[in-house]
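Asks: got a predicted structure here, sequence first:
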Amino acid sequence: MQNKKDIFGSFLLAEVRNLIKEYKMKVYFFFFTWIVSQVLADYEKKIVEAFSKVSAHGEGNTKAVQAMDWSDQLRPDSIPSLLHAMNQANPVGDNWIRGAIAKIIHSSDTLSFPEDQVKAFIEDKKNQGSSRRAAFEILRRSRPAAAMSLLSSFLTDPEPSLRREAIDVILEDAENSSLQKQAVLLFQKALKNARDVDQIQEASEALKSRGQEINLVTLLGFKTKWDMLGPFDNTERKGFNQAYEPESEAHRKDSYQGKKSQIQWSSFSSSDRLGLLDINKHYGELKEVVAYAKTSFYSAKNQKVQFRLGSKNAWKIWVNQELLFARDEYHRGGTRVDQFLIDGTLQKGENQILLKICQNEQTQPWTKNWEFCFRVTDSSGQVIEEVSTD
Amino acid sequence: MKIICNLLFLSLSLLSAQADWLCFRGSAGNGSSDLSIPAKLKITGQKSWAQDIPGRGLSSPIVIGDTIYLTASSGPYQEDLHILAYSSIDGLQQWQRTFKATGRTVCHKKTCVAASTLASDEKVIIAQFSSNDIFCLDLAGNLKWVRGLTFDHPNIANGLGMSSSPVIVNGVAIAQVENDADSFTFGLDLTNGITVWKKQRPKSANWTSPVIMTKKGQALVGLQSKEGMTAIEPRTGETVWEYQEGASTIPSSAWAEQGIILVPSNGITALQLDDNLQNFRQIWEDNKLKPGTGSPSCHRGSLYVINNANVLSCASVKTGKIKWRLRLKGPISSSPLITEEHLYVFSENGLGQVVNLLSEKPEVIHTVDLDATILCSPAITQNAILVRSDNKLWKLSN
């Protein structure tokens, strides 16, 4: 009997010891997991901070290089945090983050890709358009079907590169449609929602061939009525940096000293289908000259906009007397719609826009163009409508 | 035993270095290689293959060991920048990294954003794009660092596109980003991409690439522009000497093993450098050797130039004396590749032409038609050459 008690006691003791051992193991495991997760979270935080703080001229590169080494420790569940970091990072920081995400994906199994979180990130329009675009590309590479399932939802997306994906599908469907009426409806849908000029042109040309003429000047919001002043001297291309009177004056004068004679402001407009203003038509084919083009833009509110300029000549742009950008390059390629996108702001009411368009000394046939086209949009490419001045 | 191991390692390293093709126009910087390549290149050869690539490009492949590295660009505005790695054995893609252009991507339709050839020191690769984005990756495709030079200087751009290829010297990646507006050459620290030096350069469009000049363990880098050639010290960017008689802004100079830099200036101008590279003297110039779009190549004392009329000229590096001429089928944009026995060049229409250099009367002894637009300069690997179009990479052997 005693022996049985002893045996039972020993058994109980062993069980208790086992339980304690198991409990300890669980505790150890819990603490180990907790420590690892804290360390990883700390790494993740430092990595995100380093990439978000990369600045111009290589500033922040030293910490970013270190962070890139640390990113070996990250697992696929860090991808959403890195995508969120893109919301704070500049475009160069975005590329650092792309590199880190590629590293994570490359070193982990495909099953662990956080598809739902990446999809949710894309769908959340509070995230930056460029970050959502990056997330879409990552999703498309890892889960092509899931990415494709999102395409139709991009039709009215504020991010133009995502919107473009949806328009591509519609244009393709329209081209492949055997029903004329359905094709027209699809091209109209594409035209209504597209922001990229090449897609707008494709849809409008398709509609034109089906009997519907589209006014691209109105649709794309080209400014076609300007006041012009010129020609000023641009011998040896020195006129680009020569601040002639229109650059600083608050009020117009009746007359100015031009390159060879007294010159006055005069009205100039274009009927070109893409809003191109051929300055040669106004002054004749001149070389080594500068012309100023001035117009007013009436905005309904204070707002951030993109001034979209096309010109193969050297140019400068001022908005409300503030110089926004200058480009001293002649005839390297042709004039294109939306060739230069210049971020700026419009104030409520009248805004003065001044362009300086320079022509150089070259004599080859392809250097005779002296021209520009101009429109104002938001960052997605949506035309900013002017308010009536009546 | 240790000495034997070291010698073995050194021998293997030298063999590897010889086989590798590390930058635009190869490791010697003049389009030449000591490797032997068959003349009868075939698309369907036993060791040949073709591989689709995910974007446009006229950059040349580079080769490190059994891996081929390449760039490409895609997207409606050529804004997607790809750095790619393929096995040279079977052409299978080993990895692909894609980044986004932060600078301007507008280019002439003949070129594209992936115009510059990669450079490597066999540890990392440097990729430069027409958007002036520069990436440093290790050989496994892991990003080491990135710079956006147009992000830093918004007026660094060329409406026709940029195409200069970087070089790596003494731990510095050197990138010429020269155009009509803001024009610079940058020396970037290879370990972190931070600017070691920035050099103001002539305000003029320039598509040429820097060339490394080495002698007795010393190295200078030649920067070509419309004003001539500037030799700089790679660690500081300081000018060592300048040749100021003007030079082409499209074909780049070639460095000959005799310590002569062959500059596309007044045709070709040969500058003999002294032993410590600190001075030069002009030894000859010949305007009958004016290169077209492709850069001159040289090997074993001979210079090879293809002009705009597609005439290949062979001349002595030391004297400039023209040895022979041969009309090829053009138009030709790429630079020729030279081995001990043959010269290989591709026309824009994709016709590969192999010239026998050992016969008394050199002639085209073999052609291979890729039926594609070829603008890149071919690269070399064991028993084969590599060439790419806008959407394909070929390894051509016999």
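Replies: Great, that's in hand.
Asks: quick check on A:T345: phi, psi?
Replies: The phi and psi values for A:T345, taken as degrees, to the nearest 10, are phi -130, psi 150.
Asks: pLDDT value on it, please?
Replies: pLDDT for A:T345: 97.
Asks: can I assume it is in contact with A:N302?
Replies: Yes: using CB atoms under 8 Å, A:T345 is in contact with A:N302, at 6.8 Å. Using the backbone N, CA and C atoms, a C-beta is placed for each residue, glycine as well.
Asks: against B:A205, how distant is the residue of the stretch 51-200 of chain A found nearest chain B?
Replies: Relative to chain B, the nearest point of the stretch 51-200 of chain A is A:G99 (2.8 Å; CB to the nearest CB). For A:G99, the distance to B:A205 equals 31 Å [CB to CB, to the nearest Å].
Asks: next up, the contacts around the closest residue to A:A300 other than its chain neighbours.
Replies: Of all residues not flanking A:A300 in the chain, A:V387 sits nearest, at 4.7 Å (CB to CB, 6 or more residues apart in numbering or on different chains). Contacts for A:V387 were tallied using CB atoms under 8 Å, 6 or more residues apart in numbering or on different chains; they are A:298-300.
Asks: now A:V387: phi and psi?
Replies: The phi/psi pair for A:V387 (degrees, to the nearest 10) reads phi -80, psi 150.
Asks: how about stretch B:297-304, which residues are buried there?
Replies: Neighbour counts using 16 or more other CB atoms under 10 Å in any protein chain shown place B:297-299, B:302-304 of stretch B:297-304 among the buried residues.
Asks: tell me how far the ends of it are from each other?
Replies: End-to-end distance for stretch B:297-304: 5 Å, by CA to CA, to the nearest Å.
Asks: state the number of residues packed around the residue nearest to B:S248 when sequence neighbours are not counted.
Replies: Sequence neighbours aside, B:P264 is the residue nearest to B:S248 in space, at 3.9 Å (criterion: CB to CB, 6+ apart). A total of 26 residues lie near B:P264 under the criterion other CB atoms under 10 Å in any protein chain shown.
Asks: quick check: B:P264 vs B:G228, distance?
Replies: Counting by CB to CB, the separation of B:P264 from B:G228 is 11 Å.
Asks: which neighbours do those two share?
Replies: B:A247.
Asks: which residue ranges form the helices in the stretch 201-350 of chain A?
Replies: Using DSSP state H, counting those that start in this stretch, the helices assigned to the stretch 201-350 of chain A run over residues A:216-220, A:279-283.
Asks: circling back: which among the contacts of A:V387 end up buried?
Replies: A:S299.
Asks: show me which residues of chain A sit near chain B.
Replies: Counting by CB under 8 Å from any CB of the partner chain, the residues of chain A lying close to chain B are A:56-58, A:61-62, A:64-65, A:68, A:90-92, A:94-96, A:98-100, A:102-103, A:106, A:130, A:134, A:137, A:164, A:196, A:198, A:312, A:325-330, A:332-333, A:336, A:339.
Asks: just the buried residues of those residues.
Replies: Among the residues of chain A next to chain B, those that count as buried by neighbour count (16+ other CB under 10 Å) are A:58, A:61-62, A:64-65, A:68, A:90-92, A:94-96, A:98-100, A:102-103, A:130, A:134, A:137, A:164, A:196, A:312, A:325, A:327-330, A:332-333, A:336, A:339.
Asks: who are the packing partners of the longest helix seen in chain A?
Replies: The residue-count maximum for a helix in chain A (DSSP state H) belongs to helix A:2-52. Using 3 or more CB pairs under 8 Å, 6 or more residues apart in numbering or on different chains; DSSP states H and E, the elements in contact with helix A:2-52 are helix A:61-70, helix A:79-86, helix A:91-106.
Asks: adding mean pLDDT, write those out as a markdown table.
Replies: Formatted as a markdown table, those follow (pLDDT from 0 to 100):
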| stretch | mean pLDDT |
| --- | --- |
| helix A:61-70 | 96 |
| helix A:79-86 | 96 |
| helix A:91-106 | 96 |
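Asks: would you mind measuring from A:L355 to chain B?
Replies: Distance, A:L355 to chain B, using CB to the nearest CB, to the nearest Å: 17 Å.
Asks: sorry, back to before: quick check, the residue of the stretch 51-200 of chain A closest to chain B in contact with B:D138.
Replies: No: using CB under 8 Å, A:G99 makes no contact with B:D138, being 10.8 Å away.
Asks: so, low pLDDT: which residues of chain A?
Replies: A:1-5, A:8, A:29, A:32-38, A:389-390 (pLDDT under 70).
Asks: per-domain residue ranges of it.
Replies: A:13-149, A:160-214, A:220-377 (automatic domain parsing).
Asks: which one of those lies nearest to B:T71?
Replies: For the domains of chain A, proximity to B:T71 was assessed by CB to CB; domain A:13-149 is nearest, at 14.4 Å.
Asks: measure that closest one end to end?
Replies: Distance across domain A:13-149, first residue to last, is 60 Å (CA to CA).
Asks: could you do stretch B:231-248 as well?
Replies: Taking CA to CA, the first and last residues of stretch B:231-248 lie 16 Å apart.
Asks: what comes up buried for that stretch?
Replies: Burial within stretch B:231-248, assessed by neighbour count using 16+ other CB under 10 Å, is assigned to B:231-234, B:237, B:240-241, B:243, B:246-248.
Asks: average pLDDT across it?
Replies: Across stretch B:231-248, the average pLDDT comes to 97.
Asks: what does stretch B:289-307 give?
Replies: 96.
Asks: state the number of residues packed around residue 191.
Replies: Picking chain A for this. Using other CB under 10 Å, A:L191 has 23 other residues around it.
Asks: wait, chain B
Replies: By other CB under 10 Å, neighbour count at B:T191 equals 14.
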